[in-house]
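Undergrad: Predicted model follows, preceded by the sequence.
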Amino acid sequence: MEDEINVEFNNEKKVLCEKIIRDINAVFLKDADLSSFEIIPKETNCNKSPVVHVDHNLGLESWCAQHVYDHAHRTLISHRRQTMQQQLRTLQQQQQSDALAKYLNVALLINPDVTTFWHIRRQLVQKNRLSINKELQFSALVLSMKPKSNEAFAYRRWLYSFQSADAIDWPHEISICERAADRCAGNYHAWSHRQWVLQNAPCLLQSELMRTEKFIRKHISDYSSYHYRQVLLSRAYELGFYMTDDSQPQLASLRELLAQYDLKSEDNGAMDANADADGDEGESLLQLLLPNLNRRSISAQRLRSFLFCCNVAAHDMRLCAEQRTMYGARDCFELHRRASLKFIVEQCVRLLTGLASGLGLYLPAANGSQANELQSQLRKFDYDSHPFLLAVRRVEHKMGEKHKRWCNMHLNFNYQDQSKS
């Protein structure tokens with residue numbers, strides 16, 4: 001008797017789960033512009049459909065989520081346990097593949113971390129049972145619920161492998177990354193995917209510089225955004241990128257940084273006047289930053305990119321100081337300031353020692369040999385003969401023992417450790 005009751009209960013639960021899955025599938029068929037999915041907290045069944053659809057937003061009441069997921073999970077696992085020939089027959093038949101997609105939709109919306117289910121979707125795409133555009137929309141829907149889903153981001157990259165770079169809406173992809181990062185702090189997968197976008201769409205450099213600053217000002221403690229901005233700056237310099245902004249004094253942040261390092265001398269003012277007369281405002285800065293540079297091996301574009309990227313780094317150093325004044329000391333402010341300073345010092349040394357000649361030969365120190373070569377040059381570099389770097393070394397010395405140890409380790413400033421004396 002008890003067994004019969006259990007069987008009847010399980011059958012009723014199965015019928016209910018199938019009805020809920022059909023309701024969710026009906027929403028997918030009805031609304032091609034779904035933008036978000038949420039599990040709605042509700043502990044009891046109120047004898048109405050737990051599927052909520054309002055203004056392109058899909059919701060599922062929490063009381064049934066686990067039951068529906070378990071049912072979909074069992075169905076999909078039973079499919080995977082079939083022989084390869086049986087699986088292929090299922091994928092090739094439109095009605096059965098549609099049913100499979102229906103269970104996949106529910107299972108992945110509730111739990112997108114099951115690699116097997118994404119693999120089945122890939123098979124359906126390869127059999128032309130699912131369209132790439134709709135799959136991009138579905139994965140974005142998954143990310144609206146689980147913004148840290150690495151599987152969803154990986155699936156999007158796989159889908160884009162079937163499209164040419166010119167056909168991809170890269171700004172939209174950046175928006176998806178930003179929405180995921182905005183919803184979840186320290187979202188490594190979103191920022192990694194954004195780096196992938198940047199590698200494939202360098203045309204976004206200018207807009208990314210503006211968008212990342214806005215994000216940093218909003219999310220002051222999310223170091224992932226600071227790190228991405230460091231990657232962005234290195235990518236800009238690698239490509240020889242620069243731009244001019246007529247609305248602000250050219251290279252204003254870099255000039256302000258030089259003034260903080262007590263390099264605003266009468267000679268500097270005279271050089272500015274001469275440079276302005278020649279129509280090249282950056283010439284005086286180059287003479288300060290890169291004295292006695294052999295320019296025959298360096299292109300004009302590389303030098304413009306050098307000034308532009310150093311100006312961005314100087315701007316970020318000032319931004320960190322402003323954030324610290326406003327919000328108090330935080331590790332992310334100090335770490336990003338150090339990274340910006342390191343960028344300026346390293347690029348000066350690279351150019352002065354011939355590690356970055358021409359336009360396209362600059363590469364970030366990504367591998368061990370490049371990093372070792374740069375560190376070797378930093379150790380051998382004579383800072384006393386370089387006015388700007390000597391001024392940096394003098395001023396940074398005043399920022400405490402911890403900072404001095406960092407300068408010794410990464411910039412080879414050779415400060416004496418006062419704590420040991």
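TA: That came through fine.

Undergrad: For the rest of this, base every contact and every neighbour count on C-alpha atoms.
TA: Noted.

Undergrad: quick one: the closest residue to A201 other than its chain neighbours from L204, how far?
TA: Spatial nearest neighbour of A201, chain neighbours left out: W170 (6.9 Å); criterion: CA to CA, 6 or more residues apart in numbering. Counting by CA to CA, to the nearest Å, the gap from W170 to L204 is 8 Å.

Undergrad: Which one of the two is surrounded by more residues?
TA: Legend: neighbour count by other CA atoms under 10 Å for W170 and L204, higher for W170 (18 against 15).

Undergrad: And the pLDDT at the more buried one?
TA: Per-residue pLDDT puts W170 at 97.

Undergrad: S284 too?
TA: With respect to pLDDT, S284 scores 88.

Undergrad: what's the neighbour count on it?
TA: By the measure other CA under 10 Å, the count of residues near S284 is 20.

Undergrad: which element is it on?
TA: Take DSSP states H and E as the rule and S284 turns out to sit in helix 283-289.

Undergrad: For that helix, which residues meet the burial criterion?
TA: E283, S284, L285, L286, L288, L289 (16 or more other CA atoms under 10 Å).

Undergrad: cool, stretch 197-208 as well?
TA: Buried residues in stretch 197-208 (16+ other CA under 10 Å): V197, L198, A201, L205, E208.

Undergrad: Check stretch 177-189 too.
TA: C177, E178, A180, A181, D182, A185, G186, N187, Y188, H189.

Undergrad: So the fifth one versus K218, what's the distance?
TA: It stands for D182. Here D182 is placed at a distance of 9 Å from K218 (CA to CA).

Undergrad: just the fourth one next, same as before
TA: Counting by CA to CA, the separation of A181 from K218 is 12 Å.

Undergrad: The second one now?
TA: Distance, E178 to K218, by CA to CA: 12 Å.

Undergrad: Then the third one?
TA: For A180, the distance to K218 under the criterion CA to CA works out to 14 Å.

Undergrad: re the thing from before, in helices only, show me the buried residues of stretch 177-189.
TA: Among those, DSSP state H puts C177, E178, A180, A181, D182, Y188, H189 in helices.

Undergrad: Could you find the closest non-adjacent residue to the third one?
TA: Going back to what we said before, that points to A180. Nearest non-adjacent residue to A180, counting by CA to CA, 6+ apart: P147, 4.6 Å away.

Undergrad: Need the three-state assignment for the one you found.
TA: Here P147 is recorded as coil under DSSP: H, G, I helix; E, B strand; the rest coil.

Undergrad: then stretch 27-46 to PDB, C-alphas only?
TA: Presented in PDB, the C-alpha positions along stretch 27-46 are these (Å, rounded to 0.1, in the frame of the first residue of the first chain):
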ATOM      1  CA  VAL A  27       7.800  31.400 -22.800                       C
ATOM      2  CA  PHE A  28      10.900  30.700 -24.900                       C
ATOM      3  CA  LEU A  29       8.700  30.200 -28.000                       C
ATOM      4  CA  LYS A  30       6.600  33.200 -27.200                       C
ATOM      5  CA  ASP A  31       9.200  35.800 -26.200                       C
ATOM      6  CA  ALA A  32      12.300  36.000 -28.400                       C
ATOM      7  CA  ASP A  33      13.700  38.900 -26.400                       C
ATOM      8  CA  LEU A  34      14.000  37.400 -22.900                       C
ATOM      9  CA  SER A  35      16.700  39.400 -21.000                       C
ATOM     10  CA  SER A  36      16.800  37.900 -17.500                       C
ATOM     11  CA  PHE A  37      16.000  34.900 -15.400                       C
ATOM     12  CA  GLU A  38      15.500  34.700 -11.600                       C
ATOM     13  CA  ILE A  39      14.500  32.200  -9.000                       C
ATOM     14  CA  ILE A  40      11.700  33.900  -7.100                       C
ATOM     15  CA  PRO A  41      11.700  33.100  -3.300                       C
ATOM     16  CA  LYS A  42       8.400  31.300  -2.500                       C
ATOM     17  CA  GLU A  43       8.100  28.300  -0.300                       C
ATOM     18  CA  THR A  44       4.600  27.000  -1.000                       C
ATOM     19  CA  ASN A  45       2.500  26.000  -4.000                       C
ATOM     20  CA  CYS A  46      -0.400  28.400  -4.500                       C
END
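
Undergrad: residues in contact with it?
TA: For stretch 27-46, contacts defined as CA atoms under 8 Å, 6 or more residues apart in numbering pick out 53, 56-63, 65, 109, 137, 140-142, 144-145.

Undergrad: what's the average pLDDT for the host helix or strand of L159?
TA: Following DSSP H and E, one finds L159 within helix 150-160. The average pLDDT within helix 150-160 is 98.

Undergrad: Please apply the same query to stretch 326-345.
TA: Stretch 326-345 shows an average pLDDT of 96 in the prediction.

Undergrad: Give me the contact list for it.
TA: Counting by CA under 8 Å, 6+ apart, 220-223, 226-227, 230, 310, 313-314, 316-317, 320-321, 323-324, 389, 410-411 sit against stretch 326-345.

Undergrad: just the buried members of those?
TA: 220-223, 226-227, 230, 310, 313-314, 316-317, 320-321, 323-324, 389, 411.

Undergrad: Please list the members of the residues you listed that lie in helices.
TA: Among these, DSSP H puts 223, 226-227, 230, 310, 313-314, 316-317, 320-321, 323-324, 389, 411 in helices.

Undergrad: tell me the two of those that are most distant?
TA: Farthest pair in those (CA to CA) is Y223 and L389. Separation: 27.3 Å.

Undergrad: how about the helices in the stretch 201-350 of the chain?
TA: Remark: helices assigned in the stretch 201-350 of the chain by DSSP state H, counting those that start in this stretch are 205-218, 223-238, 252-260, 266-277, 283-289, 300-327, 331-353.

Undergrad: can I get those helices in JSON lines with distance to N10?
TA: Below are these laid out as JSON lines (distance: least, CA to CA, whole Å):
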{"stretch": "helix 205-218", "distance to N10": "50"}
{"stretch": "helix 223-238", "distance to N10": "47"}
{"stretch": "helix 252-260", "distance to N10": "69"}
{"stretch": "helix 266-277", "distance to N10": "83"}
{"stretch": "helix 283-289", "distance to N10": "76"}
{"stretch": "helix 300-327", "distance to N10": "57"}
{"stretch": "helix 331-353", "distance to N10": "53"}
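
Undergrad: lowest-confidence stretch among these?
TA: Mean pLDDT across the helices of the stretch 201-350 of the chain is lowest at helix 266-277; the value there is a mean of 44.
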